[in-house]
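**Student:** Here is the input, now give the coordinates:
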Amino acid sequence: MQRDKTYHEQRNERNIKRLRELLNELPPLCSEYFRGIDHSTSVLTRLNYAYDLRIFFEFLTTETAHFKGIKVSDFSLEDIRRIKVTHIEMFLSHLTLYSRPDNPEIEHKNKGSGKYRKLSAVRSFFNYLFKKGYINGNVADLVETPKIEELPIVRLEADEVANVIDIIESGEGLTESQKKYHEITKTRDIAIFSLFLGTGIRISELVGLNISDLDFDINGFKVTRKGGNQVILYFGDEVREALLNYLEERKTIQPLPGSEDALFLSIQRRRISTHAVQKLVKKYTKLVAPLKEISPHKLRSTYGTNLYRETGDIYLVAEALGHKDVNTTKKHYAAISDEQRRAASRVIKLRK
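**Tutor:** Model (predicted):
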């Protein structure tokens, strides 16, 4: 009997199909490039690179005198060899505010981090061509890396965490239209928030959870992390209680075909979407922290902050959040380290 595909496998297949569609819009050499990095990158990384390269070549063929009028899919190796440092610098400047040729009404904006990601895609493409001997050097390496703004980390404070769970339970502050669905979804929503705040799970991991991934004997569940690695995340008693309460309710719901094993269902009885989760997170957190823009990722930051404050172990936080490089974790929680150093300075008394 053929087993059902997991959410992660289904999502990968969708991304592979979309990548293949995009390759028809890109220069022919891009197909070879994506085959070349297939073994060292995830499907999602390659798809994002394809989107960024499409923006790059669209800019060259619509905004520069050297390449104006060339169809992106006709861009040849000789054309690529004519790309200069100045073209890439112009591209980064263009990214500040731009529209795509097929939808000029919609404006896109990029700050340092967005420009950095798109430059990374261009550098990776040129680096592949250089290693294969197609070009004599990687001109993208000669471009100054955009400065990434150090933004303050937004998270929920301890009292706000408690308040948001209380609000989900009571429905206090919701509009009349929101209250119509509140009784139907509150047990589910408490379980979702409990997982975010109690395990640091990513939104993609949460919507992909299946009932069969849960193991209450160990208080843990299996997730597929970035890169396809499967790990076990563990949870405490409060998360356990929230999940068990929801599972009792979940038994009474008849899911639509394809969502039978999905843990979290929408009102339409399908696997809940990332967009729906983002909306419910915003709905509840605006009631307790109206001046903060809280997303599922910010709930992850809240978990990481609380774990670091309780343990002081940056390596444990990195492991729990699935950071491959502990420096990523250090950068995010440096402010907490500073708080701890200040607290330590007050402990030492020179005179009684």
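
**Student:** What values do phi and psi take at Ala262?
**Tutor:** With angles defined as degrees, to the nearest 10, Ala262 shows backbone torsions of phi -60, psi 130.

**Student:** excluding its backbone neighbours, what's nearest it?
**Tutor:** If you skip the residues right next to it in sequence, Ala262 has Arg271 as its closest partner in space, 3.8 Å away by CB to CB, 6 or more residues apart in numbering. For the C-beta atoms, the positions are set from N, CA and C on the backbone; glycine is no exception.

**Student:** Asn245 too?
**Tutor:** Distance criterion CB to CB, 6+ apart; nearest residue to Asn245, sequence neighbours excluded, is Thr187 at 5.5 Å.

**Student:** what residues are up against the nearest residue to Ile294 once chain neighbours are set aside?
**Tutor:** In space, and not counting its chain neighbours, Ile294 is closest to Thr285: 3.8 Å by CB to CB, 6+ apart. When contacts are counted by CB atoms under 8 Å, 6 or more residues apart in numbering, Thr285 is found next to 156, 160, 164, 292, 294.

**Student:** so what's Thr285 scoring on pLDDT?
**Tutor:** Looking at Thr285, its pLDDT stands at 94.

**Student:** mind checking how far the helix or strand encompassing it is from the chain centre?
**Tutor:** Using DSSP states H and E, Thr285 falls within helix 274-288. Taking CA atoms, centre = their mean, to the nearest Å, the mean C-alpha location of helix 274-288 is offset from the chain mean by 16 Å.

**Student:** So for the lengthiest helix in the chain, mean pLDDT?
**Tutor:** Longest helix of the chain, by residue count under DSSP state H: helix 176-199. If you average the pLDDT over helix 176-199, you get 92.

**Student:** List the buried residues for it?
**Tutor:** 185-199 (16 or more other CB atoms under 10 Å).

**Student:** contacts for whichever helix or strand comes after that helix?
**Tutor:** Using DSSP H and E, the helix or strand that follows helix 176-199 towards the C-terminus is helix 203-207. By CB under 8 Å, 6+ apart, the surrounding residues in contact with helix 203-207 are 7, 11, 192, 195-196, 223-225, 264, 271-274, 277-278, 296-297.

**Student:** Over to stretch 83-90?
**Tutor:** The contact list for stretch 83-90, computed with CB under 8 Å, 6+ apart, reads 59-60, 63-64, 66, 119, 122, 139-140, 142-144.

**Student:** Which residues belonging to that stretch are considered buried?
**Tutor:** When neighbours are counted by 16+ other CB under 10 Å, the buried residues of stretch 83-90 are found to be 83, 87-88.

**Student:** Leu195 and Ile80, how far apart?
**Tutor:** 46 Å (CB to CB, to the nearest Å).

**Student:** got it, and Gly69?
**Tutor:** Here the criterion is CB to CB. By it, Gly69 lies 16 Å from Ile80.

**Student:** Looking at those two, which is more packed in?
**Tutor:** For Gly69 and Ile80, the more surrounded residue by other CB atoms under 10 Å is Ile80, and the numbers stand at 19 against 7.

**Student:** For the more buried one, identify the helix or strand it belongs to.
**Tutor:** Here Ile80, judged by DSSP H and E, is contained in helix 77-81.

**Student:** Show me how far whichever helix or strand comes after that helix is from its chain's centre.
**Tutor:** Next in sequence after helix 77-81, counting helices and strands by DSSP H and E, comes helix 85-94. Relative to its chain's centre, helix 85-94 lies at 27 Å (CA atoms, centre = their mean).

**Student:** Show me the contact partners of the helix or strand that helix 85-94 is followed by.
**Tutor:** Downstream of helix 85-94, the next assigned helix or strand under DSSP H and E is strand 97-100. Applying CB under 8 Å, 6+ apart, the external contacts of strand 97-100 come out as 55, 58-59, 105-109.
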